[in-house]
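[1] Model the structure of this input:
(2 chains)
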There are 2 protein chains.
Amino acid sequence: MANNEVILLSYWSSMFGVRPQIALAEKEVKYEYREEPMTHKSPLLLEMNPIHKKIPILIHNGKPICESMIAVEYIDEVWKDKAPLLPSDPYDRAQARFWADYINKKVYDPSRKIWATKGEEQEAAKKEFIEILKVLEGALGEKSFFGGDNFGFVDIALIGFYSWFYAYETYGNFCIEAECPKIVAWGKRCMQRDSVAQSLPDQHKICEFVKWVRKHFGIE
Amino acid sequence: MANNEVILLSYWSSMFGVRPQIALAEKEVKYEYREEPMTHKSPLLLEMNPIHKKIPILIHNGKPICESMIAVEYIDEVWKDKAPLLPSDPYDRAQARFWADYINKKVYDPSRKIWATKGEEQEAAKKEFIEILKVLEGALGEKSFFGGDNFGFVDIALIGFYSWFYAYETYGNFCIEAECPKIVAWGKRCMQRDSVAQSLPDQHKICEFVKWVRKHFGIE
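    Next comes the predicted model:
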């Protein structure tokens, strides 16, 4: 499959934007990274994703692929000869899709509320976030990665949130490792991979960013 | 691939439950349909889907596949020699997944509010529902089915709602065909397929069911 022109529209702090970045790095695909302005949506973004108007957008030979995990699956199918991200067995593939879907549906809302709300709402969000991570710890079990010995689809779905853990802990005043040691160990394991380490933003930079957003939106 | 034992746990009125039913019918896979009781969740359901505790659940040789479109994709991968549901080209596959995801995210909430709310909330829901159907009409274009000439993945994602159109119209006091003639024509086209006609519940039965639910929950 020709790899003529690959562009990724993203935003540096997005836990969704790093997903196709990591997948492209795993496949060793060269691409142009274009940072979207934070203050407005670029004409290219609006042209390429008129439905959701959101990053990340993978543009392959001029054609857009929107929604981060759909882009990851596309990358896995187009560059299929290297570093498979989904397992080959249909049942294992369905399980991987189930957990990526679970992460998509469950993790973002409570994690955002940890730094964007206060009082009872924040406490409920922390509780919910930990409960969800514990479910994911159950799915991880004693394995190195969600799919077993190899880094793959579900790891890519979740790892973007790991950069935000320090901000969640800072503004939520709690320790994720004390509650979910296996998830934190898994995050450290993922960070040992170049594809992840080179794609994820620095946790302190994320914490500074959250500080700025809270101030900007009058949350403090 | 062995087709030893296939069981589908579902509920007759569910627009999500019909998705794996239609996929199994397209593939001509024999299976046992088990109607879940409406009043409580069966021990088998709780055992097979402890995370979401929801139907539909496809059980293949004792192993559960949860989330309806993940089950459809599993069916397409296991029984791959007959009636392909996803296209073979990676870009077309990504597009099909994008629209199925759009339907999953957008259609249910406003459609439910059409019969479950009143006044301004109901009017807003009708408006939103029509806007979403118009976006889907744009994706359908002049094609027979969402994927082109052949019935497939996106059609399966949406068609379950078609049985509910009459109930939406009855309780919303509006005409979907007047607003979205292409979607209604598409629905009629889908209904000409045995796989769809045999899986979808009767629209009048759905309307009676909605009447009962409204009464039961004191919406009237």
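
[2] Next one: A:Phe217 from A:Lys211, what distance?
    11 Å (Cβ to Cβ, to the nearest Å). Placement of C-beta: from N, CA and C, glycine included.

[3] Between those two, point out the one with more neighbours.
    With neighbours defined as other Cβ atoms under 10 Å in any protein chain shown, A:Phe217 and A:Lys211 compare such that A:Lys211 has more, 16 against 9.

[4] Could you give the average pLDDT over the helix or strand hosting that one?
    Using DSSP states H and E, A:Lys211 sits in helix A:203-216. Taken as a whole, helix A:203-216 has an average pLDDT of 96.

[5] And the strands in chain A?
    A:6-10, A:32-35, A:57-60, A:63-66 (DSSP state E).

[6] out of those, nearest to A:Glu120?
    strand A:6-10 (34.5 Å; Cβ to Cβ).

[7] The helix ranked longest in chain A near chain B anywhere?
    Secondary structure of chain A per DSSP state H: the longest helix is helix A:119-140. Yes. Judged by Cβ under 8 Å from any Cβ of the partner chain, helix A:119-140 comes into contact with chain B at A:Val135.

[8] what's that helix packed up against?
    When contacts are defined as 3 or more Cβ pairs under 8 Å, 6 or more residues apart in numbering or on different chains; DSSP states H and E, helix A:119-140 sits against helix A:90-106, helix A:108-116, helix A:165-172, helix A:176-179, helix A:181-191.

[9] To chain B, which of those helices lies closest?
    Nearest to chain B, of all the helices and strands packed on helix A:119-140, is helix A:90-106, at 4.1 Å by Cβ to the nearest Cβ.

[10] Tell me what angle the closest one forms with helix B:90-106.
    Helix A:90-106 and helix B:90-106 are oriented at 50 degrees to each other (axes from the mean of the first three to the mean of the last three Cα atoms, to 10 degrees).

[11] which of the residues in the helix holding A:Lys211 are buried?
    A:203, A:206-207, A:209-211 (16 or more other Cβ atoms under 10 Å in any protein chain shown).

[12] Present the strands of chain A as CSV; the columns should include mean pLDDT, mean neighbour count and distance to chain B.
    Formatted as CSV, the strands of chain A follow (pLDDT from 0 to 100; neighbours: other Cβ atoms under 10 Å in any protein chain shown; distance: least, Cβ to the nearest Cβ, whole Å):
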stretch, mean pLDDT, mean neighbour count, distance to chain B
strand A:6-10, 98, 21, 13
strand A:32-35, 97, 13, 19
strand A:57-60, 98, 25, 8
strand A:63-66, 98, 20, 5
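
[13] what comes into contact with stretch A:14-29?
    Contact partners of stretch A:14-29, identified using Cβ atoms under 8 Å, 6 or more residues apart in numbering or on different chains, comprise A:3, A:6, A:8, A:10-11, A:31, A:33, A:55-56, A:58, A:68-69, A:71-72, A:75-76, A:79, A:82-83, A:85, A:108, A:151, A:156-157, A:159-161, A:163-164, A:194-196, A:198-201.

[14] now with 6 Å?
    Applying Cβ atoms under 6 Å, 6 or more residues apart in numbering or on different chains, the external contacts of stretch A:14-29 come out as A:3, A:6, A:8, A:10-11, A:31, A:55-56, A:58, A:68, A:71-72, A:75, A:79, A:82-83, A:156, A:160-161, A:195-196, A:199-200.

[15] what does chain A put close to chain B?
    A:65, A:67, A:70, A:74, A:77-78, A:90, A:94, A:97-98, A:101 (Cβ under 6 Å from any Cβ of the partner chain).

[16] Give me the residue at the spatial middle of chain A.
    A:Gly160 (3.1 Å; Cα atoms, centre = their mean).

[17] Compute the distance between that residue and A:Ser13, please.
    Distance from A:Gly160 to A:Ser13, by Cβ to Cβ: 10 Å.

[18] again with A:Leu24
    Distance, A:Leu24 to A:Ser13, by Cβ to Cβ: 18 Å.

[19] can you list the weak-confidence ranges in chain A?
    By pLDDT under 70, the weakly predicted segments of chain A are A:1-3.

[20] again, only this time at 80
    Residues of chain A that meet the criterion pLDDT under 80 lie in A:1-3, A:220.

[21] Please work out how many residues are found near A:Val107.
    The number of residues near A:Val107, taken as other Cβ under 10 Å, comes to 21.

[22] how far does stretch A:140-149 stretch from start to finish?
    11 Å (Cα to Cα, to the nearest Å).

[23] which outside residues touch it?
    So stretch A:140-149 is contacted by A:87, A:151, A:154-155, A:182, A:186 (Cβ under 6 Å, 6+ apart).

[24] which among those residues gets closest to B:Trp115?
    Closest approach between these and B:Trp115, by Cβ to Cβ: A:Val154, at 36.8 Å.

[25] My read is that the closest one contacts A:Ala96, right?
    Yes. Between A:Val154 and A:Ala96 there is a contact at 5.4 Å, judged by Cβ atoms under 6 Å.

[26] From the contacts of stretch A:14-29, list just the buried residues.
    A:6, A:8, A:10, A:31, A:55-56, A:58, A:68, A:71-72, A:75, A:79, A:83, A:156, A:160-161, A:195-196, A:199-200.

[27] the more surrounded of A:Leu24 and A:Ser13?
    A direct count of neighbours by other Cβ under 10 Å for A:Leu24 and A:Ser13 places A:Leu24 higher, at 22 against 18.

[28] any idea how far A:Ala197 lies from chain B?
    Remark: distance between A:Ala197 and chain B (Cβ to the nearest Cβ, to the nearest Å) = 27 Å.

[29] Please report phi then psi for A:Lys82.
    phi -130, psi 140 (degrees, to the nearest 10).
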